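S.K.: Return atomic coordinates for the entry below.
(chains A and B)
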Amino acid sequence: MYKRALRRSLLRLFFLTPLLLVAPLQALALDSASDAPPALRGLVERVSSVTLENGLKILMVRRPDAPVFAGQIWVKVGGVNEEPGRTGAAHLLEHMAFKGTDRIGTKDFEREKKLLDELDGLMEVSIASLTKEQSSRLDQIKRELESIWVDNEFSRIYQRRGAVGLNAGTAKDYTMYRVEVPSVGFELWCWMESERLLNPVFRQFYKERDVVREERRMRTDDSPEGRMYEALLATAYWSHPYRYPTVGWASDLKTLTRRDTSVLHGRFYRPDNIVVVIVGDVDPEASLPMLKKYFGRLPAGKGEIPEVLVKEEQQTGPREAIVQFDAEPSLMMAYHKPVYPDPDDLYFSLLHTILAGGRSSIFHRELVLKRQLSVGVGTSEAPGELYPSLFYIGATPRHGVASRMLMEEIQKLLDQVATEGFSEEDFLAAKKRVKVSFLSGLDSNDDLAETLGHAELLWGDWRAVLKMYDLVDKATPEQVRGLIPKYLRPDNRTVVYLERAAGGAK
Amino acid sequence: MSKWTFLFCLFLPFGLVSCSGSNSASGSIPNRPDKLGLEDVHFTLPKTERFELENGLVVYYRFDDELPTISGSLYFPGGKLFEPVEFPGLASATGSQLREGATEGMSPRELDETLDRLAAGLETSYDLEYGSLGFSCLAEDFDKVFELSARVLLKPGFDEQRLELWKKLTIDSIRRRKDDPNTVAGITMGHLVYGKESPFSRVASEESIRKLNRQLLKEYAQRFIRPNGAIIAASGALPPEKFREAVEKHYGSWARQADPLPSLPTIQQVTVPGIYVLEREFDQATVLMGHLGPPRFTPDVYEMNIYNRILGSTGFGSLLFDEIRTQLGLAYDVDAGISPGVVAGMFQMYLGTRNDEIVRAISKTIEVAKRTLDTPPEAGRFSDAKSAVERSFIFRFKGDRAIVQRAAQQELLRFPPDYDQTYLENIAKVTPEMVREVGRRWVKPDELVIVVVGRVSAEALAKAFKEQGVRVFRLGFDTEPKILGPVN
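M.R.: Just a heads-up that it's a prediction; the model follows:
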């Protein structure tokens, strides 16, 4: 979790150059005034962008090194868009997107549709309250549907064509679908991705809901870190939907319905809320007609996209939670922080590196090497990037060291850094490290697509990273040091302790 | 930039489709993707520059200046398979402390700061049969970082204080082993299949870690680290001639060692099939099922790759995914495959399922595996898997880093020199019957060791599998597994 979040944090900072977008499709010219590293210029000059009439944004970068490409679909919907009682719906919807369409995954869609409608009616009432006749009918419908369905046909079509890395992920602010395909399969990719946006069928929903419950058991219920993270969000946020687990509360996962995911799909899966990214051996100019032909079919959205109205009030005192689990102790500390476009958001990426990036970082040097209080200390940011988020510290105490004592020592160390600052040499090294981390994450098609799609979806323009780059590049030690008294204060802090329960219970 | 060239042959029964995507842009959209045709992709394998120093050090390098960075790995002899039986953990300690313990004339703190200020990565470790030193940095800093890599490897400092700290941290991590059900299941499976004392599966104990000292690490490094048998794989924004000069400058004086490396250990374990249950308060039962498998390079590898795809190695669309996950909703993660190993690999199946479905999940998974042995794969599933193996082969060479790493690994692990050149030819020869035969050769459902970690009653499992005559054992696990005794 830490590495992934940090990577994203680093990536989003440094893929920035001042490029101009000229619709409908144009290779973007690099602004000669940019401070972007020269080595990036050749890369960003190849970014092309187009917005279709229905509002769908498409970004492309041609990389002809190998005859393959990465294709990604980014949708601006995630856990933050869910309602109480329906948590986990965005994630379950992502699973449903692999179940096929009216032409993939079924032997008889007309018959299937009637059965699914009938199934919905029966599944939306408590199983216990069904009459004997209804129960019998339910079993009959399930059996008939099973005979109609073609399992995982959507994925098998891709695999048969040599596609790899077929996957998806749901976060608080977005859902992303990814796959890498040999370039000769470009039209197939257009067909598959546009079809599942246009005509998805949420079949096998209730079995998949069971699958997600297993996913939750694996990632959260049986994972000390998963349990702590869930407690951290629920404690740090009192009102904002960032407090809900993206996978969904266990109780919600028992009651979510097919209609819940359909509602979310109808509201958010619309072209003006989606970004398509293609990086690899695909010619942007030549492929535009094909992209228009397939993705231009998606009907434009109607009305406004629902907004998240709830705001989290300023935290006014320290908060704590204890998770009991049959595992050795550890702790998480989190502080509310702003997100982009607040410049402080960018200064935090330097603070991460100074505090916890590498063996010479302050936390490693002081707490692991010198005082030997911790096995390891890391920092990250979570849970989201559209609304005020959290700077968090994860630490594992050495055997025999009390978690509370380690927490207090970390806070003292932060206060000491706030007072004494850090050397100019360390500060410049942190800047260099952030830049190199960014570069190393750009060398695959999939990584570059992720950088572009992420920025374009969340901030409306992938070139937002240019502003971020400039902010980081021009940051002063004082701006970074100043984050500690401003945000990393006890009254803005939430701590979660993992303790072994008496008797070994979880 | 020296890039490799692919040659395409497109067979387009339903219209011309190319990577530009423009040719069929004006036609109507077919109602099924099959109508887009299944274009064949032929390509020539990328070439990688290889040279060898007089001392035997082999180098693979590719120039790529898209980004101003360079990275690579240096693989060297040694590994956990060769550590003395009385010192489990010695290879791990040596691998870690080559970098952590710095180098002669430079303290660990100086090395840490130097590398961090260069924004460079430099790490060392030992695997089963070789060690590796990984490096990454800006091309402009390459000479400094590469020099440090050679100093770390050839003149390790093995700093006493860092070693003592590593020992304490490792002992802490040993105490945490039991927190993670997958770690517990993995270690247990290794002990049951290879043997508790086998170098293939042995784990360090608090006692064995405490016994390690600087002298032991130095002797281990001196015994194994040598240029003959070592290979560098690197790529980046440094011209090839400059890279070669740097290798000769920093590693050219590295002296050969004539004494032979020890032979690979043998496997002595007599596996007792059955279900081994560790009762722990987890909401999900972790299940690992397996037994010994083939050696690393087996002529069966082509059929095996298709067999694995069909049974469960690739997620979506495998038999286990379809039946255990999609149809029954019993697991989020379920996979299986025959994996070749150094001397003998394993056949393994894995799943995580809710505790109250453990019997059904185990039974159904084994039933699916048995079915692959009874009849050849169904035609559609076979052709899908074969096509997937053939057409995704290209991704093994995606990017310069992947290309050099693959070339180096194949030489290191002594793959046949024409392995890649003949791979697709060999895959093309595979028939459904051949897939079944290879399955029968390497998958033995009646010999499975089944490890279960979860809130599951060993007695209940014994009762459930009584008719099949499956033996059930209760396990304990503090820092290592211990068989507490049979339940039936």
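S.K.: Quick one, grab the pLDDT at residue 290.
M.R.: Defaulting to chain A. Residue A:290 carries a pLDDT score of 96 in this model.
S.K.: wait, I meant chain B there
M.R.: Looking at residue B:290, the pLDDT reads 97.
S.K.: Double-check it against residue B:349; I have them as touching.
M.R.: Yes. Using CB atoms under 8 Å, residue B:290 is in contact with residue B:349, at 6.9 Å. The way it works is simple: take the backbone N, C-alpha and C, and place the C-beta from them, glycine included.
S.K.: Give me the neighbour count for residue A:139.
M.R.: Residue A:139 sits with 10 neighbouring residues when counted by other CB atoms under 10 Å in any protein chain shown.
S.K.: same check, this time on residue B:27
M.R.: By other CB under 10 Å, neighbour count at residue B:27 equals 12.
S.K.: and it, helix, strand or coil?
M.R.: The three-state label given to residue B:27 by DSSP: H, G, I helix; E, B strand; the rest coil is coil.
S.K.: Not counting residues beside it along the chain, what's closest to residue 64?
M.R.: All of this refers to chain A. Leaving aside its sequence neighbours, residue A:64 sits nearest to residue A:281 (CB to CB, 6 or more residues apart in numbering or on different chains; 4.8 Å).
S.K.: um, chain B though
M.R.: Excluding the flanking residues, the one nearest residue B:64 by CB to CB, 6+ apart is residue B:400, at 4.3 Å.
S.K.: Over to residue A:258?
M.R.: Per CB to CB, 6+ apart, closest to residue A:258 is residue A:205, 4.4 Å.
S.K.: That neighbour and residue A:260 touch, don't they?
M.R.: No. Proximity of residue A:205 to residue A:260 does not meet the contact threshold set by CB under 8 Å, at 9.6 Å.
S.K.: between those two, what contacts are shared?
M.R.: Residues touching both residue A:205 and residue A:260 by CB atoms under 8 Å, 6 or more residues apart in numbering or on different chains: residue A:92.
S.K.: circling back: quick one: neighbours of the residue nearest to residue B:64, just the number.
M.R.: Residue B:400 has 26 neighbouring residues, counting by other CB under 10 Å.
S.K.: Please apply the same query to the one 5 residues further on.
M.R.: Residue B:405 is surrounded by 19 other residues when neighbours are defined as other CB under 10 Å.
S.K.: check contacts around residue 145.
M.R.: Since no chain was named, I'll use chain A. A:112, A:115, A:116, A:119, A:203.
S.K.: wrong one, I was asking about chain B
M.R.: By CB under 8 Å, 6+ apart, residue B:145 lies in contact with B:115, B:118, B:120, B:122, B:135, B:137.
S.K.: what separates it from residue A:46, distance-wise?
M.R.: Per CB to CB, to the nearest Å, residue B:145 is found 29 Å from residue A:46.
S.K.: can you check residue A:178 too?
M.R.: 20 Å.
S.K.: out of those two, which sits in the more crowded spot?
M.R.: Using other CB under 10 Å, the more surrounded residue of residue A:178 and residue A:46 is residue A:178, with 19 against 16.
S.K.: For the contacts of residue A:145, give me JSON lines that also has neighbour count, secondary structure and pLDDT.
M.R.: Listed next are the contacts of residue A:145 as JSON lines, based on neighbours: other CB atoms under 10 Å in any protein chain shown; DSSP: H, G, I helix; E, B strand; the rest coil; pLDDT from 0 to 100:
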{"residue": "A:112", "neighbour count": "20", "secondary structure": "helix", "pLDDT": "97"}
{"residue": "A:115", "neighbour count": "17", "secondary structure": "helix", "pLDDT": "96"}
{"residue": "A:116", "neighbour count": "18", "secondary structure": "helix", "pLDDT": "95"}
{"residue": "A:119", "neighbour count": "21", "secondary structure": "helix", "pLDDT": "92"}
{"residue": "A:203", "neighbour count": "25", "secondary structure": "coil", "pLDDT": "96"}
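S.K.: Excluding residues flanking it in the chain, which one is nearest residue 301?
M.R.: Went with chain A since none was named. In space, residue A:301 is closest to residue A:270, 3.1 Å off (CB to CB, 6+ apart).
S.K.: hm, I was asking about chain B
M.R.: Nearest non-adjacent residue to residue B:301, counting by CB to CB, 6+ apart: residue B:340, 6.8 Å away.
S.K.: residue boundaries of the strands in chain A?
M.R.: Assigned strands in chain A, in chain order: A:26-27, A:47-51, A:57-62, A:68-75, A:164-170, A:175-182, A:274-280, A:319-324, A:330-337, A:374-382, A:389-397, A:493-499 (criterion: DSSP state E).
S.K.: Using TSV, please lay out these together with distance to chain B.
M.R.: Formatted as TSV, the strands of chain A follow (distance: least, CB to the nearest CB, whole Å):
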stretch	distance to chain B
strand A:26-27	16
strand A:47-51	14
strand A:57-62	10
strand A:68-75	6
strand A:164-170	5
strand A:175-182	5
strand A:274-280	9
strand A:319-324	11
strand A:330-337	9
strand A:374-382	5
strand A:389-397	8
strand A:493-499	10
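S.K.: Out of those, name the one with the poorest average pLDDT.
M.R.: Mean pLDDT values for these show the minimum at strand A:26-27, a mean of 35.
S.K.: Any regions of chain B where pLDDT drops low?
M.R.: Scanning chain B for pLDDT under 70 picks out B:1-26, B:38, B:42.
S.K.: Apply 50 and report the result again.
M.R.: Scanning chain B for pLDDT under 50 picks out the ranges B:1-23.
S.K.: who are the neighbours in contact with whichever residue of it sits closest to chain A?
M.R.: Residue nearest to chain A within chain B (CB to the nearest CB): residue B:391, separated by 2.6 Å. Residues counted as contacts of residue B:391 (CB under 8 Å, 6+ apart) are A:160, A:161, A:162, A:182, B:41.
S.K.: how many neighbours does the first one have?
M.R.: Other residues within reach of residue A:160 by the criterion other CB under 10 Å amount to 24.
S.K.: try the second one
M.R.: By other CB under 10 Å, the residues close to residue A:161 number 25.
S.K.: What does the pLDDT read for it?
M.R.: pLDDT, residue A:161: 93.
S.K.: what's it in contact with, if anything?
M.R.: Shown in contact with residue A:161 (CB under 8 Å, 6+ apart): A:181, A:182, A:185, A:188, B:38, B:387, B:391.
S.K.: switch the cut-off to 6 Å
M.R.: By CB atoms under 6 Å, 6 or more residues apart in numbering or on different chains, the contact list for residue A:161 reads A:185, A:188.
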